[in-house]
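In: Take this sequence and fold it.
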Amino acid sequence: MLRVLAAAAALIWAFLACGRGMFWRTDVRLPHSPPAGTRTSWPSVAIIVPARDEVNVLPDTVPSLLAQDYPGPVRLILVDDNSADGTGALVTERWPAVRVIDPSPPEPGWAGKLWALRAGVVAAGDVDFLLFTDADIAHGPGSLTALVRAASDGHLDLVSQMARLRVRTVWERLIVPAFVYLFAMLYPFRWSNKPGARTAAAAGGCSLVRRAALERAGGLAVIRSAVIDDVALARALKRSGSRIYLGLAGPVESVRPYDDLAALRRMIARSAYAQLRHSLLLLVGTVLGLGLVFVVPPAAVVIGLLAHDRRAAIIGAVAWSAMAGTFAPMVRYYRQPMVTAWALPFTAVLYLAMTVDSAVQHYRGRGALWKGRTYPAPRR
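Out: This next block holds a predicted model:
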């Protein structure tokens with residue numbers, strides 16, 4: 001039985017490595033942009049930052065947005081989402097060039113972040129593009145120019161970049177690269193970027209949207225209850241005929257710290273069960289599937305060696321090597337030691353525990369808890 005399970009895992013990894021849109025590669029990036037001066041006209045952009053209790057990160061991110069070298073008309077709008085820590089007052093005092101909006105509490109059926117983004121869209125007025133960027137995301141000076149150029153030259157309605165998350169603590173180094181790797185496995189970037197493909201995804205921390213395309217898709221109201229709002233936005237746009245792009249970022253980084261495992265657990269568990277559409281059947285299948293794919297290979301190696309079953313150990317080692325080999329590019333992208341790639345089974349077990357915890361919290365009435373708000377499962 002151990003040999004059979006290990007062989008099944010090895011076959012699955014062979015399929016994932018070759019038949020899952022090359023999800024493990026990290027070369028899906030915005031093309032290198034020529035100097036901005038080669039273009040004579042630039043579309044108007046409104047940068048919209050939803051912020052709820054973000055005084056700790058805004059000093060590192062707002063200046064980066066104000067320092068953009070974008071040659072066209074641009075305005076920066078921060079939506080103070082009913083903060084209790086003086087977020088709006090801080091921005092008004094330090095950066096008077098930023099327009100601060102205080103929206104009303106979310107209406108029934110609206111997720112808090114989407115309600116804040118809606119207020120920002122209304123305040124933006126008649127602009128060509130909207131840049132939705134989270135309060136913890138810092139941008140290099142050429143970020144906005146590169147995003148707009150990619151959208152204009154590629155005739156894209158959504159250009160999104162997966163921000164490089166912080167990896168300083170031990171837990172961040174262990175979990176963050178795996179988080180992005182598993183996201184890419186679930187939503188292969190190449191498939192998402194292919195017109196006509198069913199896969200559609202975006203990264204909410206940095207998403208440039210063509211306003212006309214957003215309106216054609218029905219606006220943010222069509223995804224108002226979404227917990228995983230970035231993926232929902234990409235799906236809505238793609239269904240309406242838009243072309244979208246998602247890639248890994250260069251000069252776009254998150255400064256939010258996750259100092260301990262509990263903070264990372266909250267970040268992941270917030271949307272894990274929602275990703276499974278709040279289905280117990282999908283939860284059981286996910287636990288069994290991830291157990292087979294990530295846990296069986298190292299277990300086969302260890303048990304095979306202890307039980308003197310060389311065949312099981314070899315098959316397990318092949319599967320484990322394939323796993324680590326596909327994870328290695330992401331580890332390199334995050335500039336972590338290669339030994340981290342071999343720890344992916346341990347990280348996968350943590351993800352399994354967090355996913356189960358997400359389901360438990362959901363049934364306790366505390367699912368999708370974030371920033372003091374809890375969002376119920378959408379009605380079917």
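In: quick check: domain ranges of the protein?
Out: By the record's domain assignment, the chain is partitioned as 2-22+262-364, 36-257 (automatic domain parsing).
In: Looking at those, which is nearest to L30?
Out: Closest to L30 of the domains of the chain, according to CB to CB: domain 36-257, at 5.1 Å. C-beta coordinates here come from the backbone N, C-alpha and C atoms, glycine included.
In: thinking again about what came up before, winner for burial among the domains of the chain?
Out: domain 36-257 (a mean of 19; mean count of other CB atoms under 10 Å).
In: distance between that one and the chain's centre?
Out: The chain centroid and the centroid of domain 36-257 are separated by 11 Å under CA atoms, centre = their mean, to the nearest Å.
In: Rounded mean pLDDT for it, please.
Out: For domain 36-257, the per-residue pLDDT values average out at 95.
In: picking up where we left off before, distance to L30 for the domains of the chain - can I get that in JSON lines?
Out: Conversion of the domains of the chain to JSON lines gives the following (distance: least, CB to CB, whole Å):
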{"stretch": "domain 2-22+262-364", "distance to L30": "15"}
{"stretch": "domain 36-257", "distance to L30": "5"}
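In: separation between D80 and V55?
Out: As for D80, its distance to V55 is 11 Å (criterion: CB to CB, to the nearest Å).
In: any shared contact partners between those two?
Out: Shared contacts of D80 and V55, defined by CB atoms under 8 Å, 6 or more residues apart in numbering, are found at T87.
In: Hmm, G72 and W42 touching each other?
Out: Yes - assessed by CB atoms under 8 Å, W42 is found in contact with G72 at 2.7 Å.
In: Are we agreed that S207 is in a helix?
Out: No - for S207, which was evaluated using DSSP: H, G, I helix; E, B strand; the rest coil, the result is strand, with no helix membership.
In: roughly how far apart are it and L174?
Out: The separation that S207 has from L174, given CB to CB, amounts to 27 Å.
In: The helix or strand in which L290 is found: how far from the chain's middle?
Out: In this structure, L290 sits in helix 280-290 according to DSSP states H and E. Counting by CA atoms, centre = their mean, helix 280-290 is centred 22 Å from the centre of its parent chain.
In: helix or strand right after it?
Out: Once the chain leaves helix 280-290, the next helix or strand it forms, by DSSP H and E, is helix 296-306.
In: helices or strands up against that next one?
Out: helix 2-19, helix 310-333 (3 or more CB pairs under 8 Å, 6 or more residues apart in numbering; DSSP states H and E).
In: Just tell me which of the ones you listed ends up closest to A163.
Out: The closest of these to A163 is helix 310-333. By CB to CB, the value is 12.3 Å.
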